[in-house]
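> Sequence and predicted structure below; questions after.
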Amino acid sequence: MSITLPTRELKKGSTAFLILSLLEERARHGYDLARLIETRSDGTITVHAASLYPLLYKLERAKLIEGRWIEAAATRRRRLYRLTPAGRRALASQRQGWASFVEAIARVTGVRHA
Amino acid sequence: MRDWRVLVRERLSASGDLPPGAEAIVDELAQHLDDRWRELCAEGRPDEEAAETALREIEARGDLVREVRRRGQPSQAPAGPGRRPWSGAWQEIRHATRSLIATPGFTLVALTVMVLGMGSAITVFSLVDAAVLRPLPYPDPDRLVLVGEQFPGRDGLGSVAPQNFLDWGDRQDVFDGLAATTSGSLTSRNAAGEPESLPVTRVSAGFFRVLGVTPLHGRFFTPDDEAQDTVRVAVVGYGYWQSRLGGVPDVVGREIETVEGPIEIVGVTPEAFAYPPGATNTVWLPYIVPPDQRGRGPYKSYYLSVIARLRDGVSLETARSRMQSIAADLRTEWPDWFSDGQSAGVAGLGRSRAREARPWLLMLLAAVGCVLLVVSTNVATLLLVRASSRSHELGVRAALGATRWDLVRPLLTESLVLCGLGGLLGVLTAWWAIGAVRAVVPDDVPGLATMAIDARVLVAALSVTVVAGVVGAVPSVLQFSRPRQVSLVAGGGDRTATVGRATHALRGALVVAEVAIALVLTIGAGLFLSSFLRVTGIGLGFETAGVIAAAVSPPGDVTSQHDPDVGLRRGQALLDIVDDLRSVDGVQRVAASGGPLPLSGGMSSTMMRAPELREAVSIQVSQVSPDYFATLDVPVLAGRPFSPADRDGNEPVVILNQRAVDQYFGGRNVLGQLVSVYGERRVVGVVGDVRHWGPEEDVPAESYLPLAQPGNVFGGTVIVRTTRDPAAILPAIRRAVWRVYPEVPPGRLVTLDAQLENLLATRRFNMLVLSLFGALGLIVAAIGIYGVIDYVVTQRTREFGIRLALGASMAGIVISVLRRVSVWVTAGVVLGLAGAWLLGSSVEAFLFEVSARDVGIYTAAAVVLAAVGLAAAILPARRATRVDPLVALRSE
């Protein structure tokens, strides 16, 4: 099902939220995150490398996530990202924000979850 | 096998070489593209197609390129949210320092302002501290008091007569000892056998005990030493012992050779001791009250400085009323002696120091406060502008969950680092400046000898630095630390957003404040400069250029001062010296007077009677040689000057000054009349008024008597008008004096120009300091305006580009920028004028013939400040006209 959204702005703002929640489960590398976002949103949200990595670096500078190089034999080195305690707190606060926001929209427009 | 790294590098480095820090990005992207390509291939896509699709992932590479550029700069990692408040404080400081170094233009300007402001403030503060604020360097300084004569109608405490000192000492019960000091001199012979004068301090026996000092070696004076008829013992100062006596360990018992006989050294004062604080004390002698000053005879001399230590449990008030009641008793017992109605007064010794200087020193301190205020405001303005240009970064941080403290911390740290560095450099500047001040400013300015960067000054500097650092950060913090619930739509690239209204208003308010304070300082500078010019423009009534004067102190004790025969002999001696000097090469004119050096004050006064005067009136009197008026170029307005015929045995004569004639005789012709000044005399001349105390003091009524006739000569001054260098004449003067008084060294030799300089020293110092502050205020206001307008122009670059593209004129653009500046400057000027008006009454006392609300000066200062403000704005405003419309319109 496709939804018409004011896509660019919303997407920009919410990608960070998505990344933080995906990292909550376990540490992942960048490609993993891009793939998960695309599959779990059923293709609605796609993130290209050109937007993903700058955002990851921003989050890293804000100390919400932490990156580490992993060297494995015979493959290129990969960077693995995980959530920091501060990131966990930020994620919780984001969740709350979104929940309130969605509820407010629902109240006004009469949209209900299934 | 595709090399993804090469392909990535190609796309990222289109704008230049990749910095080393960007290799990590290349690695990560290469891995990502490789994974994507493999996935697509696994789905069945052809190799080339899969590669193309993968590469499209980094097509919109604006953010990536920015990230690469960032890696090339020094690390800008902000503190993350959620850390404990001061963990990593050292890291914060390092980050702030790097951030400041990365913007050298801003940092240099802000530091310069701080260094100038702090440097001048610390210098002046250390002077004021040394002169009036620092507690006295003696044990329990709060218990030390000054006891003095209190004359009705006169402020402050006067010097004490020995008779009163003795009676007070006998009757008082509120002090742990009363002590008297006076200055004097000792005549010894130097290596060449010439008499040499050594300034000494004479003190009564209780002096050192009152101050709480114990001798380093030997002992101090006892009442027995005072009971002698002449001085036989001495105490030497530590410095004198080290430099003139070789610091020998057996100094106690040695003798000082004087022309009146040997004096035995009985003690040495400790190294750090000096009285008054900062003085260079060489030798202390016991003060012996002259016999004719023990009883209450017809002559009164007030010359002692009396100090005391309050007894335990006695308050200053109690001591004061006790001394007043003792004085009242004495007045009842000796009504004639106390005909002036004087009483005794007590004041804290610390507060009495630099009594005359205290008001203007405190005024300087207030001016220092203004300077610090304008400097802090300027730092706050510059930091606010700086924070504004980082609003994007701060907004993102806030949106990503940073707490308020996380946003406040870097702003505060930057401000503290900037102010701390400014404070440190300011202290170093002050340290250098103090040396320069001591070299340039005459000794008369109190506190000069002891001003230094000591612990107190450093603590004051540190406190000011911290306060400035905190205050400087306040506006930025208020504006940029609220973690607004910015929805995450506040993405990157929002640089063209117009600035928040509140921030803009705050910047304007800061500029207005700077302008206002700068105007107050400029007006102050103008007022003091104007006063100084007026003072120096006042005619003294005599010519100082090319005139030198030497004090001659004849030997003999002070008791014979009032013996008319001695007076005549001294007068004749001075005339002999004058005759001797007439033939010296280079001497144009020479004269003598029986009083002190001109422009040093201290004239004598006496009472004059005349038939037409209802009562005796007070008049200054001095005895002079015939050439006196010609030597000093004092005009003879009526009658004649003295001649060699006016001597003992001929008719006693007197010359009056114009003021005396106007004040007592209604300006009438008084030539030929008889008046009584030290006996009946005929008025033979009227001369022009002379300002003996300098340009600022009133001219008193004066009378002049011939040196060759009986009068009241107690000292003597030789005055020489010469074309030569004073140092070249000095040997001739010395020889002339020794021919008459072989035992007497000449006292000070001064040029009258130097005397005048000394009188003006304080006023000149004030004028220079306040002019410096005024100039500083102007510079700071200009910098503040420049910084803000520069930023505003940068912000509106796009708008100007559009307007220019649409045909706006350059003048129109400049005017639109200047319009804002004019509003600020006008508001600042109005506020500054109001402020100066209100503060006016507090500086009125320091001005000379200038009103503290002089409209001309206010107007001139306002015009100068407005001009400076507009000039500071024009440079960045002109930059607005040089915007290339095409560049500005290109979207970011």
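Happy to help now that I have it. Numbers count the residues shown, from 1 in each chain, chains lettered A, B, ... in the order given.
> burial measure for residue B:767, as a count.
Residue B:767 is surrounded by 21 other residues when neighbours are defined as other Cβ atoms under 10 Å in any protein chain shown. Every C-beta, even on glycine, is put in place using the N, C-alpha and C of the backbone.
> would you say it is within a strand?
No - with DSSP: H, G, I helix; E, B strand; the rest coil as the criterion, residue B:767 is assigned helix and is not in a strand.
> List the contacts of it.
Taking Cβ atoms under 8 Å, 6 or more residues apart in numbering or on different chains as the definition of contact, the neighbours of residue B:767 are B:528-529, B:531-532.
> gap between it and chain A?
55 Å (Cβ to the nearest Cβ, to the nearest Å).
> list the contacts for the closest residue to that residue other than its chain neighbours?
What sits nearest to residue B:767 in space, not counting adjacent residues and going by Cβ to Cβ, 6 or more residues apart in numbering or on different chains, is residue B:532, at 4.1 Å. Contacts of residue B:532 were listed using Cβ under 8 Å, 6+ apart, and they are B:760, B:763-764, B:766-767, B:848.
> Run a quick neighbour tally on residue B:249.
The criterion is other Cβ under 10 Å. On that basis, residue B:249 has 7 neighbouring residues.
> Please report how far it lies from chain A.
With distances defined as Cβ to the nearest Cβ, the gap from residue B:249 to chain A amounts to 70 Å.
> Kindly report the same for residue B:183.
Counting by Cβ to the nearest Cβ, the separation of residue B:183 from chain A is 72 Å.
> Do I have it right that that residue meets residue B:201?
Yes - with contacts defined as Cβ atoms under 8 Å, residue B:183 counts as touching residue B:201 at a distance of 5.9 Å.
> before we move on, the earlier item: most widely separated two among the contacts of residue B:767?
Spatial extent of these (Cβ to Cβ) is set by the pair B:529 and B:531 at 7.3 Å.
> Who has more neighbours out of residue B:183 and residue B:201?
More neighbours sit around residue B:201 than around the other of residue B:183 and residue B:201, counting by other Cβ under 10 Å; the figures are 21 against 10.
> pLDDT below threshold where in chain A?
Low-confidence segments of chain A, defined by pLDDT under 70, are located at A:1-13, A:72-76, A:111-114.
> Sticking with the residue nearest to residue B:767, tell me its helix or strand.
helix B:501-536 (DSSP states H and E).
> which is the next helix or strand following the helix or strand hosting residue B:655?
Secondary structure assignment for residue B:655, by DSSP H and E: strand B:653-657. Per DSSP H and E, the first helix or strand lying C-terminal to strand B:653-657 is helix B:658-665.
> hang on, the earlier thing: what lines up beside the following helix or strand past the helix holding residue B:532 in the sheet?
The first helix or strand that comes after helix B:501-536 along the chain, using DSSP H and E, is strand B:547-551. Sheet pairing here is set by DSSP bridges, and for strand B:547-551 it gives strand B:717-722 (antiparallel), strand B:749-751 (antiparallel).
> thinking again about what came up before, in the helix holding residue B:532, which of the residues would be classed as buried?
Applying a neighbour-count criterion of 16 or more other Cβ atoms under 10 Å in any protein chain shown, one finds B:503-504, B:506-532, B:535 buried in helix B:501-536.
> Buried residues, stretch B:132-147. List them.
If you call a residue buried by 16+ other Cβ under 10 Å, then stretch B:132-147 has these buried ones: B:132-134, B:136, B:138, B:141, B:143-147.
> how far out from the middle of the chain is that stretch?
Here stretch B:132-147 shows a centroid-to-chain-centroid distance of 22 Å under the convention Cα atoms, centre = their mean, to the nearest Å.
> Output that stretch in PDB with nothing but the alpha carbons.
Taking C-alpha atoms only, stretch B:132-147 is exported to PDB below (Å, rounded to 0.1, in the frame of the first residue of the first chain):
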ATOM      1  CA  VAL B 132      43.600  53.900  49.600                       C
ATOM      2  CA  LEU B 133      42.200  50.300  49.700                       C
ATOM      3  CA  ARG B 134      45.000  48.200  51.000                       C
ATOM      4  CA  PRO B 135      45.100  47.800  54.800                       C
ATOM      5  CA  LEU B 136      48.100  49.300  56.500                       C
ATOM      6  CA  PRO B 137      51.000  46.900  56.800                       C
ATOM      7  CA  TYR B 138      51.100  47.000  60.600                       C
ATOM      8  CA  PRO B 139      49.700  44.700  63.200                       C
ATOM      9  CA  ASP B 140      46.000  45.300  63.800                       C
ATOM     10  CA  PRO B 141      45.800  48.200  61.400                       C
ATOM     11  CA  ASP B 142      42.100  49.000  62.200                       C
ATOM     12  CA  ARG B 143      43.200  50.100  65.700                       C
ATOM     13  CA  LEU B 144      45.500  52.800  64.400                       C
ATOM     14  CA  VAL B 145      44.200  56.300  64.300                       C
ATOM     15  CA  LEU B 146      45.300  59.800  63.400                       C
ATOM     16  CA  VAL B 147      44.800  62.500  66.000                       C
END
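> contact partners of it?
B:157, B:160, B:168, B:175, B:178, B:210-213, B:272, B:274, B:277, B:305-310, B:316, B:319, B:323, B:344-350, B:352-354, B:357-358, B:361-362, B:446-447, B:450, B:456.
> what mean pLDDT does that stretch have?
If you average the pLDDT over stretch B:132-147, you get 89.
> same check, this time on stretch B:62-82
The average pLDDT within stretch B:62-82 is 66.
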